[in-house]
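Peer 1: model the following, please.
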Amino acid sequence: MADEIRAEMVANVWKVVKAAGDEVAEGDTLVILESMKMEIPVVAESDGTITELAVAEGDVVQEGDLIAIVE
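Peer 2: Next up, the predicted model:
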């Protein structure tokens, strides 16, 4: 089953840590968002492989926007 990881707030994509095709473990940081000078890590919710990474560094995400899919 695929996990869709979505933004929880409006933020800038400060750093992309993982790429599509990378294997991840639950809790691994995928990207780091920046909002109001705070860094917010977005982590994998389960073990798997990133099948889609929908953001790039410098993007602005809105609440609910897709960040990644982990299968």
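Peer 1: and the residue lying closest to Leu33 once chain neighbours are set aside, how far is that from Asp65?
Peer 2: Of all residues not flanking Leu33 in the chain, Ala11 sits nearest, at 3.8 Å (CB to CB, 6 or more residues apart in numbering). Quick note: C-beta positions are derived from backbone N, CA and C, even for glycine. As for Ala11, its distance to Asp65 is 10 Å (criterion: CB to CB, to the nearest Å).
Peer 1: the two - which one has more neighbours?
Peer 2: Per other CB atoms under 10 Å, whichever of Ala11 and Asp65 has more neighbours is Ala11, with 23 against 15.
Peer 1: in this structure that one contacts Ser35, no?
Peer 2: Yes: with contacts defined as CB atoms under 8 Å, Ala11 counts as touching Ser35 at a distance of 3.9 Å.
Peer 1: just the buried residues of whichever helix or strand Val31 is part of, please?
Peer 2: In the assignment (DSSP states H and E), Val31 maps to strand 29-35. By neighbour count on 16 or more other CB atoms under 10 Å, the buried set for strand 29-35 is Leu30, Val31, Ile32, Leu33.
Peer 1: can I get these in JSON lines with pLDDT?
Peer 2: Output for these, formatted as JSON lines (pLDDT from 0 to 100):
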{"residue": "Leu30", "pLDDT": "98"}
{"residue": "Val31", "pLDDT": "98"}
{"residue": "Ile32", "pLDDT": "98"}
{"residue": "Leu33", "pLDDT": "98"}
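Peer 1: out of these, what pair is the most spread apart?
Peer 2: Pairwise distances among these were taken by CB to CB; the largest, 10.2 Å, belongs to Leu30 and Leu33.
Peer 1: anything in contact with each of these two?
Peer 2: Counting by CB atoms under 8 Å, 6 or more residues apart in numbering, the contacts common to Leu30 and Leu33 are Val42.
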